[in-house]
Structure formats: C-alpha cells, structure tokens
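A.B. asks: Below are the sequence and a predicted model; questions follow.
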Amino acid sequence: MFQSQTRQGTNFPSKMCYIRENNNVRGRLLCFPYFFLTINCSSPVAISPKQLEMALSLSTSLMCKAQKSLLSGSVSSLPRSLNSQSRSSFRLSGNFRPSFFSLSLPLQKYQNVLQPPRRRQTLTTRCLFTGIVEEMGQVKDLGPVEDGFTLKITAKTVLEDVHLGDSIAVNGTCLTVTDFDKGLSEFTVGLAPETLRKTSLIELRVGSKVNLERAVGPTGRMGGHFVQGHVDGTGEIVSMEPEGDSLWIKVRTKREILRYVVPKGFIAVDGTSLTVVDVNDEEGWFSFMLVAYTQEKIVVPLKQVGQKVNLEVDILGKYVERLLSSGFVESIKSS
C-alpha cells in the first residue's frame, strides 16, 4: 500500500510514501524529520494503525506525537511512539479514513548529522489581525469543562485552511482552535476563566452570532489596523440611532480604556476595526458610525442597548504613552 522514496531538500532529507489502493495512487505521506509528517489523500483511504506504523518505518524512525488531525470527525492523540500498541494510542479500532493527518516530529534521528536552523528552535508564534471581519459565525454549543470553558462555532470561510492550533479572533478575542470538522462546518475553541472575566464572551448563548477573522497572512492586505486580539476590556452600548441608512452607536467604557481613544483614531469593537467619531471624557463614552454595508457584515448592530462589546484600543497609543512615561523623549532632547 505504501511505496517509499527519499527526497533530498536543501537543508534536510525527507521521505515520501505514496499511498496506493487497488494500484491507484490515492495520496501521499511526507516526512520532514525535524518538523512534521503529513498524510494527504485525494479521497478518504482506509489505513490501519499497523499500516501507518509500517509507513513510518519506511519514512523515519523518529518518535511521533499527534499535533493535528481530521479522522472521521474524531481528533486522536498519540502521546507515545508508534509501536504495536498504536491501535490503543490512536483510540481507534480497525481502520481510520484520513483526508488530512499531521504529526509533529521531535528531532532525534538526524540530530548528530544536521542541525535545524536556530530560529526554528526559538520561534514564537504571534498573531495579528486587521479588524476586517471575514464572516459571522454562530454559536452551536458552549459549556464548562475542567478549569475552563469550551465554545463550538459554525462557520465556513475561516475553516477553508484551518489547522489545529490556529488562532481565530472571535468577537475580537484571539482564541486557539482545539478541534474542527469541515464536514459539519464547525470548530471548537477553549476559553480560560480570565478570558471570560475580561471579555463579553460570557454573554454568548447558543445561536448567538459572532465576528470571525483568521490571523492575517504575510501576503494579506492590512485593510483595517493592527489588532492583536488582546481585549483591553468591555464597553456598554448606551445608544443606537439611525441616520439615513447609517447607524450611530455610542459606547460607554471605563476611563482606563477611554484615555487611549481619540477622535478619528482606530478602535476595535468586537474585533471590527472602526473609526472613532466623538469622545466625551466627562461622560465616559465614545461614538462611531456604521454604514449600511458594515451593518450587514458584523454583529454589533444585532446587539441591544445595555449589552457589552469587546474593546481593544490602538496599540500605538500605548507605545507612545510608554515612551513618554519612561523619559525617552527627555533623554533625546538632552543628548
């Protein structure tokens, strides 16, 4: 079923196994010894854990740990090396039929031959969003789990290239994908207690609409502004007044957040990049206007007066304040 072939890359060797069924190539298994192993199939192919063990023997003798998978809607874990107990390690009986499967591989076999680039050992993933909502998802299920909370959302666009561990902004809150099922058009994220305390996500119910945005790619457009997905706090909608086909919205928030809000400046409201129109420091509110198109694409117009929204101020304001308070400007003047 598997046919092995060695591939020589520029930095490290890799192994390719072609997956055949009835003498037809149905997919491939590709192993990069430092980083990962993937199985890609043009259509689901039945593969037993024992057959997968043989394929890995052809590809590499490294220890493997499951990182992300889509196995008939079931996420499996592989905390140990593949061996005769692989069947129980996968928590599967019989065959599974992968359309995509990926394993992370710690460096072992080639550690005395080739060293991976240093930057790969120290790389830390940081996410950035633009505040341009890609779609509105709908809460399918939510509930408490051990030491946290889980949230299942139905969506389409953000699932096109999703992987486990990816970051998706949900109403402006950067959350990690812990499970997904493209067949059911749904994904799951975990919420920590601190996230529930600091954001408006605690108000979500089954059926609630949420703004969704994937982390921006290196070739993506910065259509909004720099949004980190780190919610600074919440605000309360105090008024919603139409003017023509546009909608004026006024939000009250605490002064610790309002100090960074300036007229004609940026602010992320439930993850949407918006331009501030007015700020009233005495009464503690700011306002913005939504055009008709934006009203149809985001969740804010669906909310009622008195409901909360997540707020993230423009990070540039924080940096400026930090520089001024640190005496950096004075040090430049005196130099």
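C.D. replies: Cool, got the structure. Just so we're clear, the structure is a prediction, and the values are computed from it rather than from any experiment.

A.B. asks: Let's verify the closest residue to V277 other than its chain neighbours: helix, strand, or coil?
C.D. replies: Distances taken as CB to CB, 6 or more residues apart in numbering place S287 nearest to V277, at 5.0 Å, with adjacent residues excluded. Glycine gets a C-beta too; all of them are placed from N, C-alpha and C. Three-state call for S287 (DSSP: H, G, I helix; E, B strand; the rest coil): strand.

A.B. asks: what about the residue nearest to G131 when sequence neighbours are not counted, how many neighbours?
C.D. replies: Sequence neighbours aside, S273 is the residue nearest to G131 in space, at 2.5 Å (criterion: CB to CB, 6+ apart). Residues contacting S273 under the criterion other CB atoms under 10 Å number 23.

A.B. asks: re earlier: what is the burial count for the residue nearest to V277?
C.D. replies: 17.

A.B. asks: before we move on, back to that, could you measure from the residue nearest to G131 over to G183?
C.D. replies: 32 Å (CB to CB, to the nearest Å).

A.B. asks: where does the chain dip in pLDDT?
C.D. replies: Along the chain, the parts satisfying pLDDT under 70 run over 1-126, 146-147, 218-220, 329, 335.

A.B. asks: residues touching V162, list them.
C.D. replies: Residues in contact with V162, defined by CB atoms under 8 Å, 6 or more residues apart in numbering, are I168, V177, F180, K182, F187, R214.

A.B. asks: ok, back up a step: you'd agree the residue nearest to V277 is up against V269?
C.D. replies: No: using CB atoms under 8 Å, S287 makes no contact with V269, being 11.0 Å away.

A.B. asks: shared neighbours of the two, anything?
C.D. replies: With CB under 8 Å, 6+ apart as the test, S287 and V269 both reach V251.

A.B. asks: Tell me how far F180 lies from L151.
C.D. replies: F180 sits 13 Å away from L151, taking CB to CB as the criterion.

A.B. asks: Tell me which of these two has more neighbours.
C.D. replies: Per other CB under 10 Å, whichever of F180 and L151 has more neighbours is F180, with 26 against 22.

A.B. asks: Can you name the residues bridging to the residue nearest to the more buried one when sequence neighbours are not counted?
C.D. replies: Once flanking residues are discounted, F180 sits nearest to F187: 3.9 Å by CB to CB, 6+ apart. Beta bridges link F187 to I153, F180, judged by DSSP bridges.

A.B. asks: what's around F187, how many residues?
C.D. replies: Counted with other CB under 10 Å, F187 comes out at 27.

A.B. asks: How about N310?
C.D. replies: Around N310 there are 25 other residues, counting by other CB under 10 Å.

A.B. asks: For it, give its distance to D245.
C.D. replies: Relative to D245, and taking CB to CB, N310 is found at 26 Å.

A.B. asks: With M289 instead?
C.D. replies: Going from M289 to D245 by CB to CB gives 11 Å.

A.B. asks: Those two: who's more crowded?
C.D. replies: The residue with more neighbours, out of M289 and D245, is M289; 16 against 10, by other CB under 10 Å.

A.B. asks: which element is the residue nearest to G131 on?
C.D. replies: Assessed by DSSP states H and E, S273 sits inside strand 272-275.

A.B. asks: what comes up buried for that strand?
C.D. replies: Across strand 272-275, burial judged by 16 or more other CB atoms under 10 Å covers T272, S273, L274.

A.B. asks: What strands flank the helix or strand following it, and is each parallel or antiparallel?
C.D. replies: Per DSSP H and E, the first helix or strand lying C-terminal to strand 272-275 is strand 278-280. Sheet pairing for strand 278-280, assigned by DSSP bridges, gives strand 285-290 (antiparallel).

A.B. asks: What is the subsequent helix or strand relative to the strand it pairs with?
C.D. replies: Past strand 285-290, further along toward the C-terminus, the next helix or strand under DSSP H and E is helix 292-297.

A.B. asks: Was I right to think the residue nearest to G131 contacts V216?
C.D. replies: No: using CB under 8 Å, S273 is not in contact with V216, being 11.7 Å away.

A.B. asks: Between those two, which contacts overlap?
C.D. replies: In contact with both S273 and V216: T130, using CB under 8 Å, 6+ apart.

A.B. asks: OK, contacts around the nearest residue to A192 once chain neighbours are set aside?
C.D. replies: The shortest distance from A192 to any non-neighbouring residue, by CB to CB, 6+ apart, is to G148 (5.5 Å). Taking CB under 8 Å, 6+ apart, we find G148 in contact with G190, L191, A192, P193.
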